[in-house]
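Trainee: Sequence plus the predicted model coming up.
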Amino acid sequence: MPKFIPIHRKLILHKMLRLKHIYCIFLITLFLTNIFSQSISDYKCGQSSDDLQINRNLNWGYGYDDLLSDLNIWSQSPYVIVDSIGATVENRAIWELTISDNPASSTYKRVYIHARTHPGEEESFWVTDEIINFLLSDTPDADYIRSHCIFHIVPMHNPDGVELGYPRENANGIDIESGWDDTVLQPEVSALQNRFIDLSLVISNPIEVALNMHSAYICKRYFVYHHEVGTSENFTILEQDFISGVQAYYTGGFEDWDYFVSWTSGTPDQYPESWWWMNYGENVMALTYEDMNCDQAGNYNLTANAIVRGVCDYIGLNLSEIETETFLPERYVLHQNYPNPFNPSTRIDYDLPQDGFVKISVLDIIGREVSTILDTEQTAGLKSITWSGIDDRGKMLPSGVYICLLRTNDHVSTRKMILLR
């Protein structure tokens, strides 16, 4: 005769099994938490936005061909060397700018900046672009920096992802931002890592600051701060000084140093900053910078100015001692508008080396003039104007690609703009 277990004993056994199951889940969760010091939920760039699918089809406003065009412009400066540090999965060159009046110096301070590892975080490029503009400008500050420092800048670390429309991955579908601990490194990671080694291991003036440029979907500007559990107490003091120093040059522009605290459970091994810490420790201020990835993004020139000046303070270049003077640009320049793509408005900066007639107009893709933004005489200097996507009849223009045209008595230049309604 079969034995029956009383119902109350069945309930007790069921409860015990359920508690055991919950306890096992708790242990597994605790174990995984200890392994990964930065979990997916607090990923430093945040979660992707809804408009990612729209912008990816347009290279997020700046593609590899745009970069090649800008490289041609930058290479005309006597202070720039353009060279490739390697190739991507699809054999696109990974380009680096070296900016200095003496790039072979063994005493100049050295700084490294790389951007656009995540293609969908295009704001990181616009900040980097303004850093390049700052360093190549004809100002006393830029001249002083070039005569005491060597800046190495990779404007687009992941060109395959940009061209393929992958928001965070390379052509192999791998997020190379977190692939620095892979057994077999992706070519983009290997190229950058080898360059870091070349500029740090056997030279007398190694890299002192290494910035990894990104943009966050939470629409804030901040540096990813590393906790002392994953670094050291002394390094956190250096971090705080560096971040606060940058912050001081753009009031209200950056979040405080403790806005985003990472590495609270130890040192992860998958990031560029992990590599820097495990190999060079406190000798390199290696941080991720996150710009705003949202419609409110902008003021990239103010951001770049603060970052460059903060870096200079950190490495011991005192720009405050430079005598200031009235600055006039040496040539006409129409800067890339930002934000781009934009909605509803965008800012257009341009440089005028002399007084005279200036016309700024907007053409549609087949060359028809649809809007005249400016048509007047202007004095020489650094100028800026805003366009709100309105035609000459006061009507909103539809989404599309437009051409900004700058015309003076003896100069013509253009820039591509993308309006997204």
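Mentor: Perfect, thanks for sending it. Numbering: from 1, shown residues only.
Trainee: Check the secondary structure at Val370 for me.
Mentor: Recorded secondary structure, Val370: strand (DSSP: H, G, I helix; E, B strand; the rest coil).
Trainee: got a list of what it touches?
Mentor: For Val370, the contacting residues are Val362, Leu363, Asp364, Asp391, Asp392, Leu397, Tyr402, by C-beta atoms under 8 Å, 6 or more residues apart in numbering. For glycine as for every other residue, the C-beta is placed from the backbone atoms N, C-alpha and C.
Trainee: what's the neighbour count on Pro398?
Mentor: 9 (other C-beta atoms under 10 Å).
Trainee: heads up, I number from 317, so please use that
Mentor: In the new numbering, first residue 317, that becomes Pro714.
Trainee: Which pLDDT value goes with it?
Mentor: The score at Pro714 is 94. That number is its pLDDT.
Trainee: What's the ChimeraX line that selects buried ones from the contacts of Val686?
Mentor: Command for ChimeraX that selects the buried part of those, burial taken from 16 or more other C-beta atoms under 10 Å:
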select :678,679,680,713,718
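Trainee: Of the contacts of Val686, just say which sits nearest to Pro471.
Mentor: Sorting the contacts of Val686 by how near they are to Pro471, with C-beta to C-beta, puts Tyr718 at the top with 23.3 Å.
Trainee: I'd assumed Ile682 was in contact with that closest one.
Mentor: No. Between Tyr718 and Ile682 no contact is recorded; they are 10.9 Å apart, counting by C-beta atoms under 8 Å.
Trainee: Mind pulling up the pLDDT for His330?
Mentor: 43.
Trainee: quick one, helices of the protein?
Mentor: Per DSSP state H, the chain carries helices over the ranges 323-351, 368-372, 380-390, 439-452, 456-462, 475-480, 503-514, 549-563, 588-596, 616-631.
Trainee: And the fourth one, what's buried?
Mentor: Within helix 439-452, the residues scored as buried using 16+ other C-beta under 10 Å are 439-452.
Trainee: one step back: okay if I get the contacts of Val686 as TSV plus distance to Asp572?
Mentor: Below are the contacts of Val686 laid out as TSV (distance: C-beta to C-beta, whole Å):
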residue	distance to Asp572
Val678	40
Leu679	44
Asp680	45
Asp707	43
Asp708	46
Leu713	40
Tyr718	39
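Trainee: out of the helices of the chain, nearest to His530?
Mentor: helix 439-452 (5.2 Å).
Trainee: tell me how far that closest one is from the chain's mean position?
Mentor: From the chain centre to the centre of helix 439-452 is a distance of 9 Å (C-alpha atoms, centre = their mean, to the nearest Å).
Trainee: what does stretch 500-511 give?
Mentor: Counting by C-alpha atoms, centre = their mean, stretch 500-511 comes out at 19 Å from the chain centroid.
Trainee: low-scoring stretches of the stretch 367-516 of the chain, by residue?
Mentor: 367-374 (pLDDT under 70).
Trainee: next one: the stretch 617-737 of the chain
Mentor: 639-643.
Trainee: Would you map the strands across it?
Mentor: For the stretch 617-737 of the chain, applying DSSP state E, counting those that start in this stretch gives strands covering 649-650, 662-668, 672-679, 685-694, 697-703, 716-724, 728-735.
Trainee: circling back: list just the nearest of the buried residues of helix 439-452 to Arg647.
Mentor: The closest of these, once distances to Arg647 are taken by C-beta to C-beta, is Leu452, at 11.0 Å.
Trainee: Show me the contact partners of stretch 556-568.
Mentor: Against stretch 556-568 from outside (C-beta under 8 Å, 6+ apart): 525, 539, 541, 569-570, 572-573, 601, 603, 615, 618-619, 621-623, 625-627, 629-630.
Trainee: try it again with 7 Å
Mentor: 539, 541, 570, 573, 601, 618-619, 621-623, 625-626, 629-630 (C-beta atoms under 7 Å, 6 or more residues apart in numbering).
Trainee: unless I'm mixing things up, Ala431 is touching Ser440, no?
Mentor: Yes. Ala431 sits in contact with Ser440 when judged by C-beta atoms under 7 Å, with a separation of 4.5 Å.
Trainee: Name all residues that sit in contact with the two at the same time.
Mentor: Common neighbours of Ala431 and Ser440, using C-beta under 7 Å, 6+ apart, are Met529.
Trainee: For the residue nearest the centre of the chain, give me its contacts.
Mentor: Closest residue to the average C-alpha location of the chain: Ser440 at 2.3 Å, with C-alpha atoms, centre = their mean. Residues counted as contacts of Ser440 (C-beta under 7 Å, 6+ apart) are Ala431, Arg432, Met529, His530, Ser531, Asp607.
Trainee: Quick one: buried ones out of those residues?
Mentor: In these, the ones that pass as buried (16+ other C-beta under 10 Å) are Ala431, Arg432, Met529, His530, Ser531, Asp607.
Trainee: Between all of the residues you listed, which two are separated the most?
Mentor: Arg432 and Asp607 (11.6 Å).
Trainee: residues touching Tyr648, list them.
Mentor: Asp667, Leu668, Pro669, Thr724, His727, Ser729.
Trainee: would you turn the strands of the stretch 617-737 of the chain into JSON lines with distance to Ile490?
Mentor: Below are these laid out as JSON lines (distance: least, C-beta to C-beta, whole Å):
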{"stretch": "strand 649-650", "distance to Ile490": "37"}
{"stretch": "strand 662-668", "distance to Ile490": "33"}
{"stretch": "strand 672-679", "distance to Ile490": "40"}
{"stretch": "strand 685-694", "distance to Ile490": "42"}
{"stretch": "strand 697-703", "distance to Ile490": "39"}
{"stretch": "strand 716-724", "distance to Ile490": "31"}
{"stretch": "strand 728-735", "distance to Ile490": "28"}
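Trainee: That concludes my questions; thank you for your assistance.
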